[in-house]
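Peer 1: pasted the sequence and its predicted model underneath.
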Amino acid sequence: MMDHSPEKTRVQLRPMRLEDIEQVVAIDVLSFNLPWTERSYRFDLTENPAAALWVTEVVEEEGQPRLVGMIATWFIIDEVHVATFAVHPAYRRLGIGRKLLAHALLHSAYKGANTAMLEVRRSNLGAQALYQQFGFTEVGVRARYYCDNNEDALLMNLQPIDVEKIQGLEKM
């Protein structure tokens, strides 16, 4: 098993590119029962002006960068919707997801977003805990939202987006 400890790993965030889609879809498949398709990512990258997509790469010691996380957001008027967000299972609980989410939220806040929203599976307690660190609160339930097992989605909002707090979380 490789050592993915933060002191041996350099994390880089950058905008997603078309050539990343195959790796992003692979992370999506490892992370979700209902992953996005290649076509969905391609659409958001090339045709959706509201979309902002980011990836996280790690460089371990002398290795090549490896794509290990992604987030897609949609900026609408003064709100940002976290459409999808995942970190490769081998790289979870290292702070990579926190930095990626912070980066996407800050990018949206600098564009004028004052509210963030997302849906999360009721059973995904790890993701809920991450979102709560940022100040997201549960504001509703989308009953039987996920068609693979009819699980409810919790609707979570962050209002206002606290730039100072998120900057602190991004640096952790």
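Peer 2: Ah, there it is.

Peer 1: give the contact list for I76.
Peer 2: By Cβ atoms under 8 Å, 6 or more residues apart in numbering, the contact set of I76 is A50. (Glycine included, C-beta is placed from N, CA and C.)

Peer 1: ok, the one 5 residues further on next?
Peer 2: With contacts defined as Cβ under 8 Å, 6+ apart, the neighbours of H81 are 73-74, 116-118.

Peer 1: could you tell me how far the one helix or strand it maps to lies from the centre of the chain?
Peer 2: In this structure, H81 sits in strand 79-87 according to DSSP states H and E. Its chain's average C-alpha position is 5 Å from that of strand 79-87, according to Cα atoms, centre = their mean, to the nearest Å.

Peer 1: sheet partners, orientation included, of it?
Peer 2: Sheet pairing of strand 79-87 (DSSP bridges) gives strand 66-76 (antiparallel), strand 115-121 (parallel).

Peer 1: deepest of those, which one?
Peer 2: Counting by mean count of other Cβ atoms under 10 Å, strand 66-76 has the highest mean neighbour count of these, with a mean of 21.

Peer 1: just the C-alpha atoms of that strand, please, in CSV.
Peer 2: C-alpha atoms of strand 66-76 as CSV (Å, rounded to 0.1, in the frame of the first residue of the first chain):
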residue,chain,number,x,y,z
ARG,A,66,-2.2,11.7,-10.6
LEU,A,67,-5.7,13.0,-10.8
VAL,A,68,-7.5,12.1,-7.5
GLY,A,69,-10.4,14.4,-7.1
MET,A,70,-13.0,16.5,-9.0
ILE,A,71,-15.8,18.9,-8.4
ALA,A,72,-18.4,20.4,-10.7
THR,A,73,-20.4,23.4,-9.8
TRP,A,74,-23.0,25.5,-11.5
PHE,A,75,-23.1,29.2,-10.9
ILE,A,76,-26.6,30.7,-11.3
